[in-house]
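Asker: What follows is a predicted structure for the sequence shown.
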Amino acid sequence: MKELLKKLTEAYGPSGNEDKVAELIKQEIAPFVDEVKLDKMGSLVAVKKGTGAKVMLAAHADEIGLIVTHIDKEGFLRFDTVGGVAAFRLTGLRVVFASGLIGVISAEKGDPATAGIDKLFIDIGAVSKDDATSKVSIGDFAAFRQDFIDLGSRVVAKAFDDRVGCAVLIESAKRIKNSPNEVYYVFTVQEEVGLRGAVASAYSVDPDIGIAVDVTRTGDTPEAPTMDVSLGKGPAIKVKDSGIISHPKVKDLLIQTAKDSGIPYQLEILLGGSTDASAIEKARSGVPSGVISIPSRYVHTPSEMVDVNDVEDSIKLLVVVLEKDLRSLGF
């Protein structure tokens, strides 16, 4: 599991540039499904055929990042954010471009802690504008450069949002022994900029039930915002976030399955943010949808932390759900 998480999180894949991640996922999941394809938006869709209910599982392949907007006469790069990136966290961080070029973020004079994006720049070591433009172009995307760190039961990496969800989908496909359902494992694109891949995929798949697997925040660090989710206490079953009230049938299915299987779980109410489930539930005439959330500290930073026991329990929960005859349960 840790090797898979390392491989996925260290891959380059800001929103709109998910192809390298999609190729890694394809290599991992293809032996365990009947069909793998890319849809027109670029989301990877792996299908395990069956005669029962049509299930869409969604985990997004993209990560937050930056985009070059201007190159000045000295060769410094100005940029904008791609997804939810907080400017005050950026100074001193390294970024990497698709070419492998690495740069460091710094700020104009003044207090970096209060500097907005317009006061930050990327230094790629260029000596002039011509030198810089020989290496990067306006519109090039950058991801944060951060290694996977193993701390025992806890692991740290960039892009656990949502490569950890991708890992849960991959591992569930490997471990399912017998499912009557037709399962669509969808690794969506451009979630961080508006759930765009999930909108297209859900319309195409037209599922009977949708389950997103994504991260959620925690309330277990010093003076953290009040939230009853902690690392190491099991997957969080979403009740509500800013984009969805989980369908009661899906929420109850996840809760009852966890109880019956002895899998620890938590209930999640996220005050800000949403997941692909919000897009899935509104597809066509509507899809009963819910979310399995992996607790994560420091979400939307280059050093997100998860507990591998929560990841394992999320896989177990998803496998047991998928091995049920969901059509007989009214889906």
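Answerer: Sure thing, it's come through. Numbers count the residues shown, from 1 in each chain.

Asker: What ranges in the stretch 201-331 of the chain fall below the confidence cut-off?
Answerer: Under the criterion pLDDT under 70, no range of the stretch 201-331 of the chain is flagged.

Asker: the strands in it, which residues?
Answerer: 209-216, 236-240, 266-269, 289-295, 304-307 (DSSP state E, counting those that start in this stretch).

Asker: out of these, nearest to residue 257?
Answerer: Nearest to residue 257, of all the strands of the stretch 201-331 of the chain, is strand 236-240, at 9.6 Å by CB to CB. The way it works is simple: take the backbone N, C-alpha and C, and place the C-beta from them, glycine included.

Asker: Closest to the geometric centre of the chain, which residue is that? Let me know.
Answerer: With distances taken as CA atoms, centre = their mean, the residue of the chain nearest its centroid is residue 162 (1.7 Å).

Asker: Is the spatially closest residue to it that is not a sequence neighbour bridged to anything, and to what?
Answerer: Once flanking residues are discounted, residue 162 sits nearest to residue 60: 4.6 Å by CB to CB, 6 or more residues apart in numbering. Under DSSP bridges, the beta-bridge partners of residue 60 are residue 188.

Asker: which residues touch residue 60?
Answerer: The neighbourhood of residue 60, defined by CB atoms under 8 Å, 6 or more residues apart in numbering, consists of 162, 165-166, 187-192, 197-198, 214, 276.

Asker: Adding distance to residue 54 as columns, could you present those in JSON lines?
Answerer: JSON lines is the format used below for the contacts of residue 60 (distance: CB to CB, whole Å):
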{"residue": "162", "distance to residue 54": "22"}
{"residue": "165", "distance to residue 54": "20"}
{"residue": "166", "distance to residue 54": "21"}
{"residue": "187", "distance to residue 54": "17"}
{"residue": "188", "distance to residue 54": "17"}
{"residue": "189", "distance to residue 54": "21"}
{"residue": "190", "distance to residue 54": "23"}
{"residue": "191", "distance to residue 54": "21"}
{"residue": "192", "distance to residue 54": "26"}
{"residue": "197", "distance to residue 54": "18"}
{"residue": "198", "distance to residue 54": "16"}
{"residue": "214", "distance to residue 54": "21"}
{"residue": "276", "distance to residue 54": "16"}
